[in-house]
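**Student:** sequence and predicted structure are below.
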Amino acid sequence: MSLQAGDGLLLSGLVMSVDTQERKWKDEPAYHQLKAAVTNGKQMFLYVADDKKGQTLPPLKPFTRIRVEVDYADTEKSIVTVRGRIVND
């Protein structure tokens, strides 16, 4: 069996809020981090992206629909945090 792109977790929802902050860790260069609260009507998840590796932050706006192909997911204190690629078709 081989895995293809798109075979993993795909989350869809409505962006409820977006927050972008500048972050800095000790001797590393500063970077920007985006956090978006997204709901599918039953559950909320937190989508996180950053521009550490020269990537641009996605242009998310509240009250728009997104789909995220999840690369990473974690739950801490009942908050589901995901990272991945936005795949709006």
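**Tutor:** Perfect, thanks for sending it.
**Student:** which strand or helix spans the residue nearest the centre of the chain?
**Tutor:** Nearest to the mean C-alpha position of the chain, counting by C-alpha atoms, centre = their mean, stands residue 47 at 2.7 Å. Taking DSSP states H and E as the definition, residue 47 sits inside strand 44-50.
**Student:** which strands or helices does that strand pack on?
**Tutor:** Contacts defined by 3 or more C-beta pairs under 8 Å, 6 or more residues apart in numbering; DSSP states H and E place strand 44-50 against strand 10-23, strand 31-39, strand 79-86. Placement of C-beta: from N, CA and C, glycine included.
**Student:** any idea which of these is most buried?
**Tutor:** Comparing the helices and strands packed on strand 44-50 by mean neighbour count (mean count of other C-beta atoms under 10 Å), strand 31-39 ranks first with a mean of 17.
**Student:** which helices and strands does it pack with?
**Tutor:** Secondary-structure packing of strand 31-39 (3+ C-beta pairs under 8 Å, 6+ apart): strand 10-23, strand 44-50, strand 65-76.
**Student:** residue 84: which of the ones you listed is closest?
**Tutor:** strand 65-76 (4.3 Å; C-beta to C-beta).
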